[in-house]
Structure formats: structure tokens, C-alpha cells
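> quick one: sequence and predicted model below, then my questions.
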Amino acid sequence: MSEPTKNEAEFFVKPSLPRNVLFSVTCVLFGAYLVHLAHEGRTDVLPAYIVALLMTAGSVVLLSSHFPNASYLRLTAEGFEVREHFKSRYFQWHDVGQFVARRGFIGTRVEFVHRDSGTGEPLEQSLPVGYAIPASTLLQTMNEWRDRHGGIS
């Protein structure tokens, strides 16, 4: 994915398919291994099947983020939209503070503070992990767009 240029009206970032396929395959293989252990008598059958079912269902949900228009991050001159599994949140640049990186268990998150439109109180938010660009590039891109289009200090 290329870096956005100053002349672009919109910029899209989608979830990383290789990352999500890797996590999904790992979940399914772990579930299959638990079922194998249960059939060998090395663990209880019912819990093994329940965990395998949950791991497989989780992998399906993870891969469903790649359905058309299911999940993305869209930047425009007015603000940005975070869409996860067909549910969108929209933030205007003038309500958003500086973007910062926070290291987590699964990866680096990009976090920000925005003013709540109803109460005016500052709320901490984070962007989803697992986009198709590195977190450092995402952080830089978000701050550039925010600075260019009038975020709060």
C-alpha cells in the first residue's frame, strides 16, 4: 500500500489478509489438535470440542472482516471512519487530538483522544490492530492528516 499524497481526497486502509489467514489457520489447527487429544483420551472430549468450536467460529469471524465494505479505515478531509464488521464510527479531525502508539500483547495500537459530541468530555479511543500497513506508518499518516485538516491540540 502506498503512502497517501497531499492531493488525495480519500485514503483507505483495509485489514491485513495474510495476518488474519495466519491467525485463523492457527486457531483451526489448535482446535483440531484438541479434538485429536480428546480422541486419544489425553483430555476430556466435551471441553475439547467446545474450545475447538469456539476457535473455529472465531476464525470465521476474523476472516469475515474481509467481506466487501465490512472493515476498513477511511480518511477524508473532514475526518475519518473506522468500520469494523459493518459497524462504523466517525470522528471529525477538529475533535481529535494527537495520535500516539501503544505497545500491546498482539501488536502496536494507535490511540487518540477525541471530544465527545454530546458531553464535550475527552475520551480515549484506539484504532483496530491488524491493518495492512505497519502501525508506525499508520501513526504518521493519521497525524499528518489530522495536522493538515485541523485537529485539536
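Great, that's in hand.
> which parts of the chain are helices?
For the chain, the helices defined by DSSP state H occupy 17-39, 45-64, 135-149.
> now the angle from the first one to helix 45-64?
Using axes from the mean of the first three to the mean of the last three C-alpha atoms, to 10 degrees, the interaxial angle of helix 17-39 with respect to helix 45-64 works out to 170 degrees.
> and what of the shortest one?
For the pair helix 135-149 and helix 45-64, the angle between their directions (the same axes, to 10 degrees) equals 40 degrees.
> centre of the chain to helix 135-149, how far?
Here helix 135-149 is found 16 Å from its chain centre; the criterion is C-alpha atoms, centre = their mean, to the nearest Å.
> please apply the same query to stretch 58-73.
10 Å.
> what residues sit buried inside it?
Under the neighbour-count criterion of 16 or more other C-beta atoms under 10 Å, stretch 58-73 has 59, 62-63, 65, 71-73 buried. C-beta: built from backbone N, CA, C; applies to glycine.
> turn these into TSV, including pLDDT.
Supplementary listing: these in TSV, determined by pLDDT from 0 to 100:
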residue	pLDDT
59	97
62	94
63	96
65	95
71	97
72	97
73	97
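> residue 16: which of those is nearest?
residue 65 (9.9 Å; C-beta to C-beta).
> state the distance from the residue nearest to that closest one when sequence neighbours are not counted to residue 61.
Distances taken as C-beta to C-beta, 6 or more residues apart in numbering place residue 71 nearest to residue 65, at 4.0 Å, with adjacent residues excluded. As judged by C-beta to C-beta, to the nearest Å, residue 71 and residue 61 stand 11 Å apart.
> what angle sits between the longest strand seen in the chain and helix 135-149?
Of all the segments of type strand in the chain, defined by DSSP state E, the longest one is strand 108-115. Between the axis of strand 108-115 and that of helix 135-149 there is an angle of 30 degrees, by the same axes, to 10 degrees.
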